[in-house]
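*Asks:* Just to be clear, the model below is a prediction. Sequence and coordinates:
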Amino acid sequence: MILISYFLFYAFGYALLIMFMLLIEVNILRDTREILSSYSYGFARKAAYFNAAPSVVCLLVLAVNGFTITQSGVPLILPEIEGLTLLCPLLIAAALYGNTNIRKMYVPDLK
């Protein structure tokens, strides 16, 4: 997935990368909602929050910086950290991987 996202960036630019990461983010939030509604394990619930919150922040950083880099050539959020915008897809993919691991490690509660 990471290779696909970086290929999309280098082939088509930030707009397609942001749309692809938005689809991944929807999947992360859907998995988080499912984990929170069907798992009672404290660690699993906290880990789901921990995966979802930074991924939303990374998506916002990617979107804002991607559009400002496209328009003016300089990122708006934390311009002193070089490569922050290109690191965001990796962090979003790590959150997706974390939620997938939670779903594989724990058994949902019976209802």
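*Replies:* It's in.
*Asks:* residues in contact with stretch 101-110?
*Replies:* 31, 34, 35, 38, 39, 40, 41, 44, 47, 48, 51 (Cβ atoms under 8 Å, 6 or more residues apart in numbering). Bear in mind the C-beta positions are built from the backbone N, C-alpha and C, glycine included.
*Asks:* which residues touch the closest residue in space to residue 48 that isn't next to it in sequence?
*Replies:* Distances taken as Cβ to Cβ, 6 or more residues apart in numbering put residue 35 closest to residue 48, at 4.2 Å, once the chain neighbours are dropped. Going by Cβ under 8 Å, 6+ apart, residue 35 touches 44, 45, 48, 99, 102, 103.
*Asks:* my read: residue 75 touches residue 85, true?
*Replies:* Yes. Here residue 75 reaches residue 85: they are 5.7 Å apart, a contact under Cβ atoms under 8 Å.
*Asks:* Can you pick out the residue with more neighbours from those two?
*Replies:* Comparing residue 75 with residue 85 by neighbour count (other Cβ atoms under 10 Å), the higher total belongs to residue 85, at 25 against 20.
*Asks:* Could you tell me which residues within the one helix or strand the residue nearest to residue 48 maps to count as buried?
*Replies:* In this structure, residue 35 sits in helix 14-38 according to DSSP states H and E. Buried positions in helix 14-38, judged by neighbour count with 16 or more other Cβ atoms under 10 Å: 14, 17, 18, 20, 21, 24, 25, 28, 29, 31, 32, 35.
*Asks:* average pLDDT across it?
*Replies:* Averaging pLDDT along helix 14-38 yields 95.
*Asks:* what's the following helix or strand past it packed up against?
*Replies:* The helix or strand immediately downstream of helix 14-38 is helix 42-72, counting by DSSP H and E. Applying 3 or more Cβ pairs under 8 Å, 6 or more residues apart in numbering; DSSP states H and E, one finds that helix 42-72 contacts helix 14-38, helix 84-105.
*Asks:* list the contacts for the residue nearest the centre of the chain?
*Replies:* By Cα atoms, centre = their mean, the chain has its centre lying nearest to residue 92, at 2.4 Å. By Cβ under 8 Å, 6+ apart, the contact set of residue 92 is 21, 24, 25, 28, 55, 58, 59, 62.
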